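Asks: kindly return the folded structure for what I paste below:
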Amino acid sequence: MSRNGRILVAMSGGVDSSVAALLLHEQGHEVVGVTMKTWDYAEGGAGKRITGCCDLDSINDARELAVTLGFQHIILDIREEFGSSIIGNFTDEYMAGRTPNPCVLCNTFIKWEALLKRADMMDCELIATGHYANVRHENDRWVVSKGRDESKDQSYVLWGLEQKNLARTRFPVGHYRKTEIREMAAKSGFGRLAQKSESYEICFIPDNDYRGFLKRKMPASFAKLAHGKLVDTDGTVLGEHDGYPFFTIGQRKGLGIATGTPLYVTDIRPDTNTVVLGGKHDLLKQTAWVREPNFQKIPALTGEMEAITRIRYKDKGTPSTISMANGADGRTGQHVKVEFHAPVGGIAPGQSAVFYEGNDLLGGGFIDREPAHP
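Replies: Purely as a prediction, here's the structure:
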């Protein structure tokens, strides 16, 4: 019997989750390592070496560490749930002219639910991951805050987690810097892990070619989208494109046309297969609408509140005023209205808007399109 309880640790085979397991093992927890198989890499269609997380090499790395330290390791096959929910949403969002957030969806609806279900089956009180974030209990709420290493902070992708899930979650590496994590791995005899490179690709698109992935998944749909129009903000036709799902808001490269001034994607119109291009100033907005909000530090948003809002993973955030807008301004359903204190560029529907109070995560949601005006 362990002195600190039994804990299920998600192990991708990378250095962060490996050191998370190592730290918990050294603290006296009875660790059970679990590696989730989310995707059949043989079906990826990529013409290069697989570099994503949880491929066969990564699974073997996770198992080797568990065997060396003497704790149990299992493989959890969630390909069916992952494919229908995450990959299905990924393709649907692009077809709707939005830019999806697969990591947020996966954390919220797949990985945490799968981990907690398996934890219950194996009598584990808690689960742990290698995310660079922290969680604490304060004023009867479980609060997520940024990891100590802000350059690696992953709190942005955790806004969707509910209180019942946060109550059983621990982030062992959140108080450390990445350099310290690598040093721990090396000093513990896992030098190869310490030198392991990081993967920034979407796990089911290891070659980072999402356009090729979409074409392979929906060849008939893309055959119908050829010869779409590229237009400027006045509606003047500038050229053609091979399908609006190949574009994202703020994109500058790969537009397929050359002009004397830089152009950016400012709007995507799926109903007409049209992509709108404009100058950098055309990307600037001071209002965003956020659907399906989830709040963590507070039970709910009432009235107006000041927050720092991040609209993408690497965004530093912008001071803003947030408020609920149920049915207001032509909206239906529950939305948060974000009024930025300064213009913000590249607000992309489908991405996450995440609200912070200092280092603490208040909550977040998915960026929606602007309301239609009569």
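Asks: what sits closest to Lys196 if chain neighbours are left out?
Replies: In this structure, Lys196 finds its nearest non-sequential neighbour in Val15, 5.3 Å apart by Cβ to Cβ, 6 or more residues apart in numbering. From N, CA and C alone the C-beta is placed, and that goes for glycine too.
Asks: Met324 too?
Replies: Nearest-residue entry for Met324: Leu301, 5.4 Å, with adjacent residues in sequence omitted and distances by Cβ to Cβ, 6+ apart.
Asks: so that neighbour makes contact with Pro293?
Replies: Yes. If you go by Cβ atoms under 8 Å, Leu301 and Pro293 touch, sitting 7.2 Å apart.
Asks: list the residues that contact both of the two?
Replies: Counting by Cβ atoms under 8 Å, 6 or more residues apart in numbering, the shared contacts of Leu301 and Pro293 are Val336, Gly363.
Asks: those two: which has the busier surroundings?
Replies: For Leu301 versus Pro293, neighbours defined as other Cβ atoms under 10 Å are more numerous around Pro293 (21 against 18).
Asks: helix/strand/coil for the more buried one?
Replies: Judged by DSSP: H, G, I helix; E, B strand; the rest coil, the three-state class of Pro293 is strand.
Asks: OK, contacts around it?
Replies: Leu301, Gln334, His335, Val336, Gly363, Gly364, Gly365.
Asks: and what of Glu93?
Replies: Neighbours of Glu93 in contact, by Cβ under 8 Å, 6+ apart: Thr99, Pro100, Gly350.
Asks: who wins for most neighbours among those?
Replies: Pro100 leads the contacts of Glu93 on contacts (other Cβ under 10 Å) with 23 neighbours.
Asks: ok, so of the contacts of Glu93, who is nearest His175?
Replies: Pro100 (31.2 Å; Cβ to Cβ).
Asks: closest one of the contacts of Glu93 to Glu370?
Replies: Using Cβ to Cβ, the contacts of Glu93 come closest to Glu370 at Gly350, 13.4 Å.
Asks: so that closest one touches Pro102, yeah?
Replies: No. In this structure Gly350 lies outside contact range of Pro102 using Cβ under 8 Å: 10.3 Å.
Asks: is the residue nearest to Met324 in a helix, a strand, or coil?
Replies: coil.
Asks: next, give phi and psi for it.
Replies: Backbone torsions of Leu301, given as degrees, to the nearest 10, read phi -90, psi 120.
Asks: tell me the contacts of it?
Replies: Leu301 touches Pro293, Phe295, Ile322, Ser323, Met324, Val336, Gly363, counting by Cβ under 8 Å, 6+ apart.
Asks: can I get the contacts of Glu93 in JSON lines with pLDDT and secondary structure?
Replies: Below are these laid out as JSON lines (pLDDT from 0 to 100; DSSP: H, G, I helix; E, B strand; the rest coil):
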{"residue": "Thr99", "pLDDT": "93", "secondary structure": "coil"}
{"residue": "Pro100", "pLDDT": "92", "secondary structure": "coil"}
{"residue": "Gly350", "pLDDT": "95", "secondary structure": "coil"}
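Asks: average pLDDT across the helix or strand Gly33 falls within?
Replies: Element membership of Gly33 [criterion: DSSP states H and E] is strand 30-37. Averaged over strand 30-37, pLDDT sits at 95.
Asks: need the contact partners of that strand.
Replies: With Cβ under 8 Å, 6+ apart, strand 30-37 has contacts from 1-2, 5-13, 21, 24-25, 54, 58-59, 62-63, 65-66, 69, 71-79, 111, 114-115, 118, 122, 124.
Asks: could you list which of the residues you listed belong to strands?
Replies: Those of those mapping onto strands are Arg6, Ile7, Leu8, Val9, Ala10, Gln72, His73, Ile74, Ile75, Leu76, Asp77, per DSSP state E.
Asks: filter those residues down to the buried ones.
Replies: Buried by 16 or more other Cβ atoms under 10 Å: Arg6, Ile7, Leu8, Val9, Ala10, His73, Leu76, out of these.
Asks: all helices of the protein, in order?
Replies: With helices called from DSSP state H, the chain shows them at 15-26, 56-69, 79-82, 88-95, 102-105, 112-121, 163-166, 178-187, 191-194, 210-217, 219-224.
Asks: now those in CSV, please, with extra columns for mean pLDDT and distance to Tyr244.
Replies: Shown next, in CSV, are the helices of the chain (pLDDT from 0 to 100; distance: least, Cβ to Cβ, whole Å):
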stretch, mean pLDDT, distance to Tyr244
helix 15-26, 96, 36
helix 56-69, 91, 34
helix 79-82, 87, 26
helix 88-95, 93, 9
helix 102-105, 89, 19
helix 112-121, 94, 33
helix 163-166, 96, 36
helix 178-187, 96, 37
helix 191-194, 87, 42
helix 210-217, 89, 11
helix 219-224, 87, 10
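Asks: please name whichever of those is nearest to Val144.
Replies: When these are compared by Cβ to Cβ, helix 163-166 sits nearest Val144, at 6.8 Å.
Asks: so how far is that closest one off the chain centroid?
Replies: Average the C-alpha atoms of helix 163-166, do the same for its chain, and the two points are 18 Å apart (Cα atoms, centre = their mean, to the nearest Å).
Asks: what's the answer for stretch 186-206, then?
Replies: For stretch 186-206, the distance to the chain centre is 19 Å (Cα atoms, centre = their mean).
Asks: could you list the buried residues of that stretch?
Replies: Ser188, Phe190, Leu193, Ala194, Lys196, Ser199, Glu201, Ile202, Cys203, Phe204, Ile205, Pro206.
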